[in-house]
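1. Starting from these lines, generate the structure:
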Amino acid sequence: MQQPFFGWRVVAGVFVLAVFGWGLGFYGPPVFLHAVQEARGWPVVLVSTAVTVHFLIGAIVVANLPALYRHFGIPAITRAGALSLAGGVLGWALAREPWQLMLATVFSGGGWVAMGAAAVNAIIAPWFVKKRPAALSMAYNGASIGGVLFSPLWVVAIAVLGFPIAALAIGIVTVVTIWLLTDRLFSRTPESMGQSADGLSPEPAPVAAVARDNASLWRDPKFLTLAAAMALGLFAQIGLIAHLFSLIAPVLGEETAGLVMGAATAAAIGGRSLVGWAMPAGTDRRLVACLSHLVQIAGSVALIFSAGQDVALLIVGVLLFGAGIGNTTSLPPLIAQVEFSREQVARVVPLIVAIGQGTYAFAPATFGALRDLAGDGGTPVYVGAAIIQLAAVALFLAGRAAATTPSRIGSA
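-> The predicted structure is shown next:
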């Protein structure tokens, strides 16, 4: 009797990995910033710098993930990432001097990317080719759930237990969970299970594209436009989201604003799932990315026309913007899948993630400066997000002409 395809179990495990990875490493730092600033009385600019360093360290590590995976293997790096992230968060809580806080960011930033976007793609890729859009969609939804669960969990846990105990407790649960998932799921490969990608019979190996070194990627218009478009999309997205709650709360009230932000996360899950499951075979994935950004731009336009006062337009704007949040992360790896060889994808995805993360680390401060231009008003933020995303759309379109390399997977 043939064993059921193991790949979907891996997807379920990666979903949980993403919940913890984003819950601690992405949605955690904004909460940690407030907790540290309140506890130590340090300037906001100092603690904000720690958040930027956290993401910049992550960008450096994620760019080197392929080499780390080759030398140590995905299971070992995933376990090390969980330990480093948990230890780094505890370091945030225990820091008594600024240098100790900065040291903690090295561990938290370096650890979370081993549970982030590039890691999700690396773990999923061996198991899926034709069904990879659906598999990645399901796995990346764990990132959104991580925000839904951990943003309020951190606030409540820190208030009830204190930051150090909350960090220790959540860190232990994280490490134990990821350790078990790695042993039972992530350490397996299709070959070790006697299976093939997508659960299908093995197909003749395609003709491999000519391997290129890293330097040649930086001369490849496909890579350059993809990396730049992803970076700009994330920059606009993170910059707006970082300030959105404080912009809509005065009009909607904090409780309603929190619910609307939660609805935006639900819209992100819906948008990502729709693309993952309904995108027709052979679809130009760059055009899908453009459409997703255009929906977000429509959201920004609605926010602009709300003038910060029209409740209906504010809600519509947040929901439209939210609908594209998930696709900004998940679509670029899917574009890379059809534009580069399998060997190149293993390098391209971590690089574009690293470039995106290194770019969006500066987004909250940049959009904060835009707010200052209008006396804390939101219009410059919304306009800035729309303009930057239009630039991302232009880059996705510009790269279509360069994407002439035949897909390895045909109608994947």
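2. Just the CA trace of stretch 353-361, in CSV.
-> Extracted in CSV, the C-alpha atoms of stretch 353-361 (Å, rounded to 0.1, in the frame of the first residue of the first chain):
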residue,chain,number,x,y,z
VAL,A,353,14.3,38.3,1.0
ALA,A,354,17.5,39.8,2.4
ILE,A,355,17.3,42.8,0.2
GLY,A,356,13.7,43.3,1.1
GLN,A,357,14.3,43.0,4.8
GLY,A,358,17.4,45.3,4.7
THR,A,359,15.2,47.9,2.9
TYR,A,360,12.1,47.7,5.0
ALA,A,361,14.1,48.0,8.3
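3. where in this protein is pLDDT low?
-> The model of the chain has pLDDT under 70 over residues 1-2, 201-215, 374-377, 403-412.
4. got the contact list for the host helix or strand of R400?
-> Assessed by DSSP states H and E, R400 sits inside helix 379-402. Residues outside helix 379-402 that contact it (Cβ atoms under 8 Å, 6 or more residues apart in numbering) are 220-222, 224-226, 228-230, 232-233, 235-237, 239-240, 243, 247, 284, 286-287, 289-290, 293-294, 296-297, 300-301, 303-304, 307-308, 317, 321, 367, 370-371, 373-374. For the C-beta atoms, the positions are set from N, CA and C on the backbone; glycine is no exception.
5. Same question for it: list its buried residues.
-> 379-386, 388-396, 399 (16 or more other Cβ atoms under 10 Å).
6. if I look at F223, how far off is V62?
-> Per Cβ to Cβ, to the nearest Å, F223 is found 16 Å from V62.
7. now M230
-> Counting by Cβ to Cβ, the gap from M230 to V62 is 13 Å.
8. Can you tell me which of the contacts of helix 379-402 are buried?
-> Neighbour-count burial (16+ other Cβ under 10 Å) is assigned, among these, to 220, 222, 224-226, 228-230, 232-233, 235-237, 239-240, 243, 247, 286, 289-290, 293, 296-297, 300-301, 303-304, 308, 317, 321, 367, 370-371.
9. Give me the distance between G233 and T49.
-> Distance, G233 to T49, using Cβ to Cβ: 24 Å.
10. And V160, by the same measure?
-> According to Cβ to Cβ, V160 and T49 sit 28 Å apart.
11. Which one's more surrounded, these two?
-> T49 (16 against 9; other Cβ atoms under 10 Å).
12. how about the more buried one, what does it touch?
-> Shown in contact with T49 (Cβ under 8 Å, 6+ apart): no residues.
13. Tell me the buried residues in whichever strand or helix holds it?
-> Using DSSP H and E, T49 sits in helix 44-63. Across helix 44-63, burial judged by 16+ other Cβ under 10 Å covers 47-59, 61-63.
14. Pick out the most distant pair among those residues.
-> The largest separation in the buried residues of helix 44-63, counting by Cβ to Cβ, is between V47 and A63 at 25.6 Å.
15. can you give me the angle the top helix by length along the chain makes with helix 379-402?
-> The residue-count maximum for a helix in the chain (DSSP state H) belongs to helix 221-252. Helix 221-252 and helix 379-402 are oriented at 160 degrees to each other (axes from the mean of the first three to the mean of the last three Cα atoms, to 10 degrees).
16. what element comes up after helix 221-252 heading to the C-terminus?
-> Helix 221-252 is succeeded, C-terminally, by helix 254-278 (DSSP H and E).
17. Show me which residues of that following helix are buried.
-> For helix 254-278, the neighbour count (16+ other Cβ under 10 Å) marks 257-258, 260-261, 264-265, 267-273, 275-276 as buried.
18. Just give me the closest of these to G7.
-> When those are ranked by distance to G7 (Cβ to Cβ), G276 comes first, at 14.6 Å.
19. list the contacts for that closest one?
-> 133-138, 330.
20. if I pick the residue nearest to it when sequence neighbours are not counted, what's in contact with it?
-> Once flanking residues are discounted, G276 sits nearest to S137: 2.3 Å by Cβ to Cβ, 6 or more residues apart in numbering. S137 makes contact with 272-273, 275-277, 326, 330 under the criterion Cβ under 8 Å, 6+ apart.
21. Now do the same for S137: helix, strand or coil?
-> Here S137 is recorded as helix under DSSP: H, G, I helix; E, B strand; the rest coil.
22. secondary structure element for L103?
-> With DSSP H and E as the criterion, L103 is inside helix 98-112.
23. pull the CA atoms of that helix into CSV?
-> C-alpha atoms of helix 98-112 as CSV (Å, rounded to 0.1, in the frame of the first residue of the first chain):
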residue,chain,number,x,y,z
PRO,A,98,22.0,49.8,25.7
TRP,A,99,24.9,47.7,24.5
GLN,A,100,23.2,44.6,26.0
LEU,A,101,20.1,45.4,24.1
MET,A,102,22.1,45.7,20.8
LEU,A,103,23.8,42.4,21.5
ALA,A,104,20.4,40.8,22.0
THR,A,105,19.3,42.0,18.6
VAL,A,106,22.1,40.1,17.0
PHE,A,107,20.6,36.8,18.3
SER,A,108,17.0,37.7,17.8
GLY,A,109,17.5,39.1,14.3
GLY,A,110,19.8,36.3,13.2
GLY,A,111,17.5,33.6,14.6
TRP,A,112,14.1,34.7,13.3
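24. coming back round to it: out of the contacts of G276, which one sits closest to E339?
-> Nearest to E339 among the contacts of G276, counting by Cβ to Cβ, is P133 at 14.3 Å.
25. could you point out which element follows the helix or strand where the closest one lies?
-> In this structure, P133 sits in helix 132-161 according to DSSP H and E. Later in the chain than helix 132-161, the nearest helix or strand by DSSP H and E is helix 163-181.
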